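[1] Would you be able to build a 3D model of this:
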Amino acid sequence: MRRIGLAVVLALGLLIAPLAARAQQKAMPIIGYLDTASASTTVQFMEEFRRGLRDGGYVDGQNVAIEYRLAEGDYGKLRALAADLVRRQVAVIATINTPTILAAKAETKTIPIVFAVGVDPVKFGLVASLNRPGGNLTGLTQLNIEMEAKRVQVLHELAPADTSIAMLINPTSPAYSEAATESARSAARVLGVRLLVLNASTPSGIEAVFRTLVAKRVKLLLVSGDSFLVAQRNQLVELAARYAVPALYHRREFTVAGGLMSLGPSLPEAYYLVGDYTARILKGAKPADLPVHQSTSFQLVINLKTAKALGLTIPQSVLVRADELIQ
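    Residues are numbered from 1 along each chain as shown. You can find the predicted model right below:
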């Protein structure tokens, strides 16, 4: 009898274990992660997102699952990718930039959405207010658009005699690029310089932009803060060196890669905070009551080695404001 009883217990254990595992898996919350870029270009930033989750008590594959949806630079895919996450009834959708948040917002009014944007989320209708978002969206804003005017000013200081500055934007992201362009134009008008706006949404388009710079004899370039352009940072830095164009970017990652200068907020911080806010919502926080975080940390980074290669002397007035000098 004892042998039969033991056999029954073991058999029941073998049956119950898979059922328990499936029940645990079913109970595990699922996060939908939506990004415009590819995994290869954002791998280090995605790790910051997961670090934010871990610090909030959630580890991918242990007590939470992450469904990644990456547009690979094709913004036209975003609505379909967002809709797929909604159909899967994920617990939270984590979005990293303006195009992804707009795609997710268009697909659901109930699933919590965490965002990181460079625009004013109140002005763009994402939230009712920064302190009380009031809907299913919250996250952080780095107010990157407002920085475009300051970037124009810094570029102008490099070569005050030049009367033209080119600005590279991605036209497939109009919600961001139009506002960023207007900010830059306002500064250009004050300084009395012409702002030439150039469009690129493909690698070949970026190549064409640099040929246009040469043809129009525009010597200074401002690269706007678009996620596609972030993904193409190596190409942009290489072309700026090849054509000897002093360029100012919005992320430190460009300057580390060999770009001349960057002025803007921290991209790793943005990904980390999206992970942190996602963890808070999984713990029960409501997006409507979770204040939008405002990033106030902006860094001016200068690559002195690149400046030397360009034969460019950085004015002392700019050097003294630098937060980091790369030798």
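
[2] Do you have the helices of the stretch 101-250 of the chain handy? List them.
    In chain order, the stretch 101-250 of the chain shows helices spanning 147-158, 174-191, 203-216, 227-231, 233-242, with DSSP state H, counting those that start in this stretch as the criterion.

[3] what's the distance between stretch 160-178 and the middle of its chain?
    18 Å (CA atoms, centre = their mean, to the nearest Å).

[4] can you start the count at 5 instead of 1 from here on
    Sounds good: first residue 5 from here, last item stretch 164-182.

[5] Buried residues of that stretch, list them for me.
    Under the neighbour-count criterion of 16 or more other CB atoms under 10 Å, stretch 164-182 has D166, I169, A170, M171, L172, I173, N174, T176, S177, Y180, S181 buried. Using the backbone N, CA and C atoms, a C-beta is placed for each residue, glycine as well.

[6] A248: neighbour count?
    Other residues within reach of A248, judged by other CB atoms under 10 Å, total 12.

[7] Can you give me the pLDDT of it?
    The model reports A248 with a pLDDT of 96.

[8] Surely it is in contact with T310?
    No. No contact is recorded between A248 and T310 when judged using CB atoms under 8 Å, the distance being 10.6 Å.

[9] Let's have the helices of the stretch 105-254 of the chain in a markdown table, adding distance to I318.
    Supplementary listing: those in a markdown table, determined by distance: least, CB to CB, whole Å:
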| stretch | distance to I318 |
| --- | --- |
| helix 151-162 | 7 |
| helix 178-195 | 18 |
| helix 207-220 | 20 |
| helix 231-235 | 23 |
| helix 237-246 | 15 |
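
[10] Among those, which comes closest to R73?
    Judged by CB to CB, the one of the helices of the stretch 105-254 of the chain that comes nearest to R73 is helix 231-235, at 14.1 Å.

[11] Just give me how far the closest one sits from the chain centre.
    Computed by CA atoms, centre = their mean, the separation of helix 231-235 from the middle of its chain amounts to 8 Å.

[12] just to revisit the earlier point, relative to D39, which of the buried residues of stretch 164-182 is nearest.
    Using CB to CB, the shortest approach to D39 within these belongs to S177, at 13.3 Å.

[13] Excluding chain neighbours, what is closest to that closest one?
    If you skip the residues right next to it in sequence, S177 has P103 as its closest partner in space, 5.1 Å away by CB to CB, 6 or more residues apart in numbering.

[14] ok, the one you found touching L82?
    Yes. If you go by CB under 8 Å, P103 and L82 touch, sitting 5.9 Å apart.

[15] Look at those two and report which has more neighbours.
    In this view P103 and L82 are compared by other CB under 10 Å, and P103 has more residues nearby, 26 against 23.

[16] Check which helix or strand the more buried one maps to.
    In this assignment (DSSP states H and E), P103 forms part of helix 102-111.

[17] Then Y37?
    strand 34-39.

[18] Now that strand: buried residues?
    Within strand 34-39, the residues scored as buried using 16+ other CB under 10 Å are I35, G36, Y37, L38, D39.

[19] now for it, which elements pack on it?
    Packed against strand 34-39 by the contact rule (3 or more CB pairs under 8 Å, 6 or more residues apart in numbering; DSSP states H and E) you find helix 43-59, strand 69-74, helix 82-91, strand 96-99, helix 102-111.

[20] Single out the most deeply packed of these.
    Highest mean neighbour count of the helices and strands packed on strand 34-39: strand 96-99, a mean of 28 (counted as mean count of other CB atoms under 10 Å).

[21] domain assignment for the protein?
    Structural domains annotated on the chain: 33-147+271-298, 151-268+302-330, as defined by automatic domain parsing.

[22] if we can go back for a sec, between helix 82-91 and the strand holding Y37, find me the angle.
    180 degrees (axes from the mean of the first three to the mean of the last three CA atoms, to 10 degrees).

[23] on that earlier part again, tell me what the helix holding P103 is packed against?
    In this structure, helix 102-111 packs against strand 34-39, helix 82-91, strand 96-99, strand 117-121, strand 141-145, helix 178-195, with contacts taken as 3+ CB pairs under 8 Å, 6+ apart.

[24] I am finished for the moment; much appreciated.
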